[in-house]
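> predicted model and sequence below, questions to follow.
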Amino acid sequence: MQQATPARDVRQQILDTAQTIISGKGFSAVGLNEILAAARIPKGSFYHYFSSKDAFGEALLESYFRHYLEALDAMLQRPGLNGAERLMLYWQRWADTQATSDPEGKCLAVKLGAEVADLSEAMRGALVRGTAGVIERLAQAIERGVADGSVVVDAQAPHVAETLYQTWLGASLRAKITRNADPLLSALAATRRSLGLSPAA
(Lines give C-alpha, C1' and ligand atoms only; values in the text may rest on other atoms or scores of the structure.)
Protein backbone atom coordinates (compact mmCIF):
# COMPACT_ATOMS: atom_id res chain seq x y z
CA MET A 1 0.00 0.00 0.00
CA GLN A 2 1.34 3.41 -1.00
CA GLN A 3 2.15 5.59 1.96
CA ALA A 4 0.67 9.08 2.01
CA THR A 5 3.16 11.90 1.53
CA PRO A 6 2.77 15.52 2.62
CA ALA A 7 2.05 16.52 -1.00
CA ARG A 8 -0.64 13.84 -1.29
CA ASP A 9 -2.10 14.96 2.04
CA VAL A 10 -2.31 18.60 0.90
CA ARG A 11 -3.87 17.58 -2.41
CA GLN A 12 -6.51 15.52 -0.60
CA GLN A 13 -7.11 18.35 1.87
CA ILE A 14 -7.92 20.64 -1.05
CA LEU A 15 -10.28 18.03 -2.54
CA ASP A 16 -12.03 17.33 0.76
CA THR A 17 -12.55 21.02 1.46
CA ALA A 18 -13.77 21.66 -2.07
CA GLN A 19 -16.28 18.82 -1.92
CA THR A 20 -18.17 20.41 0.97
CA ILE A 21 -18.18 23.86 -0.61
CA ILE A 22 -19.10 22.68 -4.11
CA SER A 23 -21.80 20.36 -2.77
CA GLY A 24 -23.54 23.49 -1.54
CA LYS A 25 -22.81 26.01 -4.30
CA GLY A 26 -21.99 24.06 -7.45
CA PHE A 27 -18.78 23.96 -9.47
CA SER A 28 -18.92 27.12 -11.56
CA ALA A 29 -20.00 29.36 -8.68
CA VAL A 30 -16.97 28.51 -6.54
CA GLY A 31 -13.67 30.22 -7.15
CA LEU A 32 -10.33 28.59 -6.48
CA ASN A 33 -9.42 31.30 -3.97
CA GLU A 34 -12.45 30.42 -1.83
CA ILE A 35 -11.45 26.76 -1.75
CA LEU A 36 -7.80 27.47 -0.98
CA ALA A 37 -8.69 29.94 1.77
CA ALA A 38 -11.03 27.43 3.39
CA ALA A 39 -8.37 24.71 3.11
CA ARG A 40 -5.72 27.14 4.47
CA ILE A 41 -3.50 26.47 1.48
CA PRO A 42 -1.39 29.28 -0.08
CA LYS A 43 -3.13 30.66 -3.15
CA GLY A 44 -0.15 30.19 -5.41
CA SER A 45 0.17 26.47 -4.75
CA PHE A 46 -2.98 25.25 -6.54
CA TYR A 47 -1.26 24.55 -9.84
CA HIS A 48 1.39 22.53 -8.05
CA TYR A 49 -1.31 19.93 -7.41
CA PHE A 50 -3.67 20.40 -10.38
CA SER A 51 -2.84 21.47 -13.92
CA SER A 52 -6.16 23.32 -14.38
CA LYS A 53 -9.57 23.81 -12.80
CA ASP A 54 -10.84 21.18 -15.24
CA ALA A 55 -8.27 18.67 -13.99
CA PHE A 56 -9.15 19.65 -10.44
CA GLY A 57 -12.83 18.96 -11.12
CA GLU A 58 -12.00 15.54 -12.53
CA ALA A 59 -9.87 14.75 -9.47
CA LEU A 60 -12.65 15.99 -7.19
CA LEU A 61 -15.17 13.60 -8.73
CA GLU A 62 -12.71 10.70 -8.73
CA SER A 63 -11.98 11.28 -5.05
CA TYR A 64 -15.69 11.56 -4.26
CA PHE A 65 -16.59 8.33 -6.04
CA ARG A 66 -13.63 6.46 -4.56
CA HIS A 67 -14.87 7.17 -1.04
CA TYR A 68 -18.51 6.71 -2.04
CA LEU A 69 -17.84 3.27 -3.51
CA GLU A 70 -15.84 2.20 -0.45
CA ALA A 71 -18.77 3.15 1.78
CA LEU A 72 -21.23 1.46 -0.60
CA ASP A 73 -19.18 -1.76 -0.59
CA ALA A 74 -19.22 -1.81 3.21
CA MET A 75 -22.97 -1.18 3.32
CA LEU A 76 -23.83 -3.84 0.73
CA GLN A 77 -21.70 -6.43 2.52
CA ARG A 78 -22.83 -5.68 6.06
CA PRO A 79 -23.05 -8.94 8.01
CA GLY A 80 -26.28 -10.13 9.59
CA LEU A 81 -28.54 -8.73 6.84
CA ASN A 82 -30.05 -10.32 3.77
CA GLY A 83 -29.73 -8.84 0.30
CA ALA A 84 -32.96 -6.87 0.45
CA GLU A 85 -32.11 -5.37 3.84
CA ARG A 86 -28.69 -4.24 2.62
CA LEU A 87 -30.16 -2.64 -0.48
CA MET A 88 -32.88 -0.84 1.44
CA LEU A 89 -30.30 0.37 3.97
CA TYR A 90 -28.53 2.07 1.07
CA TRP A 91 -31.67 3.64 -0.36
CA GLN A 92 -32.85 4.79 3.06
CA ARG A 93 -29.47 6.38 3.69
CA TRP A 94 -29.74 8.15 0.34
CA ALA A 95 -33.19 9.48 1.24
CA ASP A 96 -32.00 10.68 4.63
CA THR A 97 -28.93 12.53 3.34
CA GLN A 98 -30.55 14.13 0.29
CA ALA A 99 -33.61 15.36 2.20
CA THR A 100 -31.61 17.81 4.32
CA SER A 101 -30.24 21.23 3.41
CA ASP A 102 -26.81 20.35 4.80
CA PRO A 103 -24.31 20.04 1.92
CA GLU A 104 -22.38 17.43 3.91
CA GLY A 105 -23.17 14.04 2.40
CA LYS A 106 -24.88 15.44 -0.69
CA CYS A 107 -24.53 13.42 -3.89
CA LEU A 108 -22.09 15.14 -6.26
CA ALA A 109 -23.55 13.20 -9.20
CA VAL A 110 -26.85 14.95 -8.55
CA LYS A 111 -25.27 18.34 -7.82
CA LEU A 112 -22.82 18.48 -10.71
CA GLY A 113 -24.19 16.10 -13.35
CA ALA A 114 -26.23 18.59 -15.34
CA GLU A 115 -23.88 21.49 -14.63
CA VAL A 116 -20.57 20.09 -15.83
CA ALA A 117 -21.46 17.37 -18.35
CA ASP A 118 -21.61 19.93 -21.15
CA LEU A 119 -18.71 22.03 -19.88
CA SER A 120 -15.95 19.49 -19.24
CA GLU A 121 -15.35 16.23 -21.03
CA ALA A 122 -12.92 15.16 -18.32
CA MET A 123 -15.50 15.71 -15.58
CA ARG A 124 -18.21 14.05 -17.64
CA GLY A 125 -15.94 11.03 -18.02
CA ALA A 126 -15.39 10.90 -14.26
CA LEU A 127 -19.16 10.99 -13.74
CA VAL A 128 -19.65 8.17 -16.26
CA ARG A 129 -17.05 5.98 -14.55
CA GLY A 130 -18.25 6.75 -11.03
CA THR A 131 -21.95 6.19 -11.68
CA ALA A 132 -21.17 3.01 -13.62
CA GLY A 133 -19.35 1.73 -10.55
CA VAL A 134 -22.38 2.42 -8.37
CA ILE A 135 -24.75 0.66 -10.79
CA GLU A 136 -22.41 -2.34 -11.06
CA ARG A 137 -22.34 -2.78 -7.29
CA LEU A 138 -26.10 -2.40 -7.01
CA ALA A 139 -26.57 -5.05 -9.71
CA GLN A 140 -24.32 -7.43 -7.80
CA ALA A 141 -26.26 -6.75 -4.59
CA ILE A 142 -29.55 -7.41 -6.37
CA GLU A 143 -28.19 -10.71 -7.68
CA ARG A 144 -27.18 -11.69 -4.14
CA GLY A 145 -30.65 -10.78 -2.93
CA VAL A 146 -32.23 -12.92 -5.63
CA ALA A 147 -29.92 -15.78 -4.67
CA ASP A 148 -30.87 -15.60 -0.97
CA GLY A 149 -34.57 -15.29 -1.81
CA SER A 150 -35.08 -11.83 -0.28
CA VAL A 151 -35.39 -10.02 -3.63
CA VAL A 152 -37.68 -10.79 -6.57
CA VAL A 153 -37.20 -8.90 -9.83
CA ASP A 154 -38.81 -9.25 -13.26
CA ALA A 155 -35.74 -8.22 -15.29
CA GLN A 156 -31.99 -8.77 -15.32
CA ALA A 157 -30.23 -7.32 -12.29
CA PRO A 158 -28.10 -4.80 -14.26
CA HIS A 159 -31.23 -3.36 -15.87
CA VAL A 160 -33.03 -3.12 -12.53
CA ALA A 161 -29.98 -1.49 -10.92
CA GLU A 162 -29.66 1.11 -13.67
CA THR A 163 -33.39 1.90 -13.60
CA LEU A 164 -33.37 2.31 -9.82
CA TYR A 165 -30.25 4.48 -9.83
CA GLN A 166 -31.76 6.74 -12.47
CA THR A 167 -34.98 6.90 -10.46
CA TRP A 168 -33.05 8.10 -7.42
CA LEU A 169 -31.06 10.67 -9.37
CA GLY A 170 -34.33 12.09 -10.70
CA ALA A 171 -35.99 11.97 -7.29
CA SER A 172 -33.06 13.81 -5.71
CA LEU A 173 -33.22 16.53 -8.34
CA ARG A 174 -36.98 16.81 -7.88
CA ALA A 175 -36.51 17.03 -4.09
CA LYS A 176 -34.11 19.95 -4.63
CA ILE A 177 -36.67 21.70 -6.82
CA THR A 178 -39.63 21.18 -4.47
CA ARG A 179 -37.55 21.50 -1.29
CA ASN A 180 -39.33 18.58 0.33
CA ALA A 181 -38.70 14.87 0.76
CA ASP A 182 -41.82 13.60 -1.05
CA PRO A 183 -39.96 12.61 -4.25
CA LEU A 184 -37.49 10.58 -2.17
CA LEU A 185 -40.30 8.84 -0.32
CA SER A 186 -41.89 8.01 -3.66
CA ALA A 187 -38.57 6.61 -4.85
CA LEU A 188 -38.36 4.44 -1.73
CA ALA A 189 -41.83 3.02 -2.41
CA ALA A 190 -40.99 2.42 -6.08
CA THR A 191 -37.75 0.72 -5.09
CA ARG A 192 -39.55 -1.67 -2.76
CA ARG A 193 -41.97 -2.58 -5.55
CA SER A 194 -39.12 -3.11 -8.03
CA LEU A 195 -37.38 -5.47 -5.62
CA GLY A 196 -40.55 -7.42 -4.87
CA LEU A 197 -40.74 -6.24 -1.26
CA SER A 198 -43.88 -5.54 0.74
CA PRO A 199 -44.72 -1.87 1.39
CA ALA A 200 -42.99 -0.37 4.40
CA ALA A 201 -45.02 -0.38 7.57
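That came through fine.
> just want the most central residue of the chain.
The centroid of the chain falls nearest to C107 when counting by CA atoms, centre = their mean (4.3 Å).
> that residue against R93, yeah?
No: using CB atoms under 8 Å, C107 is not in contact with R93; the gap is 11.0 Å. Heads up, the C-betas are built off the backbone N, CA and C, glycines and all.
> show me what the least confident helix or strand in the chain by mean pLDDT is packed against.
None of the helices or strands of the chain scores lower by mean pLDDT, DSSP states H and E than helix 108-116, at a mean of 84. Counting contacts by 3 or more CB pairs under 8 Å, 6 or more residues apart in numbering; DSSP states H and E, helix 108-116 packs against helix 6-25, helix 53-76, helix 121-148, helix 157-178.
> lowest average confidence across these, which one?
Mean pLDDT values for the helices and strands packed on helix 108-116 show the minimum at helix 6-25, a mean of 86.
> from the middle of its chain, how far away would that helix be?
16 Å (CA atoms, centre = their mean, to the nearest Å).
> got it, and stretch 18-27?
With CA atoms, centre = their mean, you get 13 Å for stretch 18-27.
> ok, which of the helices and strands packed on helix 108-116 comes nearest L188?
With CB to CB as the measure, helix 157-178 is the member of the helices and strands packed on helix 108-116 nearest L188 (8.8 Å).
> now do the buried residues in that closest one.
Across helix 157-178, burial judged by 16 or more other CB atoms under 10 Å covers 157, 160-162, 164-165, 167-169, 171-173, 175.
> what's the first helix or strand after it?
As assigned by DSSP states H and E, the chain's next helix or strand after helix 157-178 is helix 182-194.
> direction-wise, compare that following helix with helix 121-148 and give the angle.
40 degrees (axes from the mean of the first three to the mean of the last three CA atoms, to 10 degrees).
> so what does helix 182-194 touch, helix or strand wise?
Short answer (3+ CB pairs under 8 Å, 6+ apart): helix 182-194 packs on helix 83-98, helix 157-178.
> so can I have TSV of the ones you listed showing distance to E34?
TSV is the format used below for the helices and strands packed on helix 182-194 (distance: least, CB to CB, whole Å):
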stretch	distance to E34
helix 83-98	24
helix 157-178	22
